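1. give me a model of this one.
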Amino acid sequence: MATFDLAIPIVLRREGGYCWVEGDPGGETNFGISKRSYPNVDIKGLTAAGAGSIYFNDWWNRYNYSAILPQAVANKIFDMAVNLGASRAHKMVQQVLQLDQDGIIGPATLHELNTQSSLKIIVSLQDTQAAYYRDLVTADPTKQKFLSGWLNRAYDRN
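-> Below you'll find the predicted structure:
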């Protein structure tokens, strides 16, 4: 069973601290928590512990990531969900697993995640995530400035 305490440091490190980058669709963010998604949160004053609490309640528990047995797989899916949105990330997971893509991590998806090769799943997710980022840049070349960081994240290089 995957644990949140092992996954959250990865997300917090990748998301970083406070920033407001022009052109970033999330707008003002801190530890990946955006003002757009959490309009009542003091984003600039948000602490790592506060962000962790939001991620635990609104992401980890909501999507039942603790039911994923391989920790590395849970870490990857959690990080993808934070970065891409849960539904998109979950559909990518189901695409990799060759399942119907409803965006819900239910019993069939959990079974496949918990019985298939973790390495194979992670490598396939990395490639799928990277292809998504490249498609974003192809569709909107102004996003080129984000591509290197996105690819680093996809391939777990940061």
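
2. low-scoring pLDDT stretches of this structure, where are they?
-> Within the chain, the stretches with pLDDT under 70 are 23-26, 158.

3. which strand or helix spans the residue most central in space within it?
-> In the chain, the centroid-proximal residue (CA atoms, centre = their mean) is Met80; its distance is 2.1 Å. Met80 is part of helix 71-84, with elements assigned from DSSP states H and E.

4. still on that earlier bit, the residue nearest to the centre of the chain reaches Lys91, doesn't it?
-> No - between Met80 and Lys91 there is no contact under CB atoms under 8 Å: 10.5 Å. Every residue, glycine included, has its C-beta placed from N, CA and C.

5. how far off centre is stretch 91-106?
-> Centroid displacement of stretch 91-106 relative to its chain, using CA atoms, centre = their mean, to the nearest Å, is 15 Å.

6. again but with stretch 86-101, I slipped
-> On CA atoms, centre = their mean, the centre of stretch 86-101 falls 13 Å from that of its chain.

7. what of stretch 96-108?
-> 16 Å.

8. now the strands for this structure?
-> 29-30, 33-34 (DSSP state E).

9. can you add distance to Leu69 and mean neighbour count and give the ones you listed back as JSON lines?
-> Converted to JSON lines, the strands of the chain look like this (distance: least, CB to CB, whole Å; neighbours: other CB atoms under 10 Å):
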{"stretch": "strand 29-30", "distance to Leu69": "31", "mean neighbour count": "24"}
{"stretch": "strand 33-34", "distance to Leu69": "28", "mean neighbour count": "20"}
